[in-house]
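1. Here is my input, please return the structure:
(one chain, ligands or ions: 1)
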Amino acid sequence: MTIVLVVNSGSSSLKYQLLDMATETTLAAGLIERIGEPSGSVRHTNADGKREREAPIASHDDAFEAMLANFAELGPTLESAPPAAVGHRVVQGARRFFGPTIIDDDVERNIDELSPLAPLHNPANLAGIRGARRVFPNIPHVAVFDTAFHTTMSDAASTYALNREVAEANRVRKYGAHGTSHKYVSEAAAEFLDRPLESLRTAVLHIGNGASACAVDGGKSVDTSMGMTPLEGLVMGTRTGDIDPAVLFHLHRKAGYTVDELDDLLNRRSGLLGLTGTNDVRDVTRRAAAGDVVAQLGLDVYVHRLRHYLGSYLVTLGGGDAIVFTAGVGENSAEVRRRTLEGLEWLGVELDLERNQLPNDGIRVISTDASRVIVLVVPTNEEVEIARQTLAQTGL
Ligand code: AMP
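-> Reported below is the predicted structural model:
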């Protein structure tokens with residue numbers, strides 16, 4: 001039994017999963033939320049069920065202590081299921097990290113140096129790495145970067161038409177994100193369809209609270225909708241996605257918004273939340289169906305952007321063999337999937353409305369048997385992908 005601990009340390013949360021890689025099954029998983037706030041929550045799930053408690057968690061170090069306490073008290077104990085390696089999610093690897101990387105002090109330094117490109121994420125990822133290396137000093141730690149899968153994008157796809165010297169001096173280019181998920185689901189789709197990955201052209205729509213589209217050609221990312229940061233692209237739970245940058249000049253000049261206020265507005269107070277008052281697609285679709293015009297417009301904008309990227313990527317790919325829906329909305333919202341693919345029969349996309357309605361239950365085809373482009377729902381599993389890459393890198 002080879003066990004891997006996967007750590008996803010975010011700005012105010014710590015997610016972890018202990019996996020038995022012989023069967024790729026989860027032995028335990030947990031989520032510690034609201035780190036640094038007056039009240040936090042600690043959740044741990046194992047074979048015996050789920051336990052949740054409220055407790056203030058002052059820092060990432062305290063979150064690690066809470067995770068260790070969960071294993072010790074609720075099980076499995078780390079003595080009975082000792083991890084052979086730890087895999088860490090890291091958001092920004094820029095053009096420095098092209099794949100999973102064994103962490104040493106130099107790698108830590110490089111992740112730190114990339115923080116200006118991901119100020120909300122890399123410092124938090126690093127806090128997780130430091131905490132875990134202290135607690136598990138004698139096993140390998142591997143950084144798995146969200147951006148690594150997208151390093152295969154061409155310069156044409158990843159260069160902004162910004163003044164070249166300014167862009168180069170400040171490392172401004174498209175790096176993308178969600179790469180671990182796009183890689184996992186595009187490979188799972190090829191395997192499920194029993195088609196060689198090398199010859200499959202897939203448009204992936206990862207639609208969760210964060211959302212991005214990716215054009216995957218022969219297993220390689222050739223374009224993706226997130227940009228230098230995860231703000232660009234699709235309409236998300238709380239982020240605008242694409243917007244004319246001049247809107248920012250306008251809001252600054254006319255309404256006095258500061259840079260920090262604009263950052264907050266575009267990242268946390270916009271998207272579906274800003275359009276409709278909620279970032280939960282379940283609520284938005286329910287309200288829209290009941291005739292709420294605000295929710296209807298929010299959903300229209302959301303779907304319009306999805307279709308925009310889907311069309312773009314089918315052109316980029318020179319046609320599509322498969323369209324994959326994944327993440328919270330992609331896996332669960334038959335309504336969003338139906339509306340995204342409506343009227344695309346001329347492109348060879350024929351959704352099977354009955355298959356589309358079936359509840360989320362693993363990987364499945366939702367197009368008709370006659371559809372030239374196969375449409376699939378593929379539940380994403382970033383933790384398994386991180387654990388796989390961790391194992392591959394350590395050679396265990
Ligand atoms: P994720 O970030 O991948 O965990 O996705 C979270 C989002 O998935 C939530 O904000 C919901 O909007 C959406 N979601 C979850 N379940 C459903 C469902 N049954 N129908 C529609 N949307 C859902």
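
2. drop to CA atoms for contacts and neighbour counts, all remaining ones
-> Will do.

3. Quick one: list the elements packing against the longest helix that the chain contains.
-> For the chain, the longest helix by residue count, based on DSSP state H, is helix 293-316. Where contact means 3 or more CA pairs under 8 Å, 6 or more residues apart in numbering; DSSP states H and E, helix 293-316 is packed against strand 201-207, strand 211-217, helix 271-276, helix 281-289, helix 334-341.

4. for whatever residue of the stretch 51-200 of the chain ends up closest to the ligand, what are its contacts?
-> Nearest residue of the stretch 51-200 of the chain to the ligand (CA to the nearest ligand atom) works out as residue 181 at 10.3 Å. Residues near residue 181 by CA atoms under 8 Å, 6 or more residues apart in numbering: 206, 380, 381, 382, 385.

5. Can you tell me which of those residues lies closest to residue 342?
-> residue 206 (18.3 Å; CA to CA).

6. May I have the predicted confidence score for residue 118?
-> pLDDT, residue 118: 88.

7. Next: residue 365.
-> Looking at residue 365, its pLDDT reads 98.

8. how about TSV for the contacts of residue 181, with pLDDT, distance to the ligand and neighbour count added?
-> Formatted as TSV, these follow (pLDDT from 0 to 100; distance: CA to the nearest ligand atom, whole Å; neighbours: other CA atoms under 10 Å):
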residue	pLDDT	distance to the ligand	neighbour count
206	98	8	27
380	96	8	25
381	95	10	15
382	95	10	21
385	97	15	20
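
9. Show me which of these is closest to residue 32.
-> Closest to residue 32, out of all of the contacts of residue 181 and judged by CA to CA, is residue 382, at 17.7 Å.

10. does the closest one really touch residue 180, like I thought?
-> Yes - here residue 382 reaches residue 180: they are 5.9 Å apart, a contact under CA atoms under 8 Å.

11. Quick check: phi and psi on the residue of the chain most remote from its centre?
-> Within the chain, the residue lying farthest from the chain centre (CA atoms, centre = their mean) is residue 254, at 34.8 Å. Taking degrees, to the nearest 10, you get phi -90, psi -30 for the backbone angles of residue 254.

12. Show me the shaky parts of this protein.
-> Applying pLDDT under 70 to the chain flags no residue at all.

13. let's see 90
-> The chain contains residues with pLDDT under 90 at 1, 10-12, 60-61, 118-120, 135, 360-361, 395-396.

14. Show me which residues of it sit near the ligand.
-> With CA under 6 Å from any ligand atom as the criterion, the chain meets the ligand at residues 208, 209, 210, 279, 280, 281, 282, 327, 328, 329, 332, 333.

15. quick one on the thing from earlier: give me the angle between the longest helix of the chain and strand 201-207.
-> Between helix 293-316 and strand 201-207, the angle comes out at 160 degrees (axes from the mean of the first three to the mean of the last three CA atoms, to 10 degrees).
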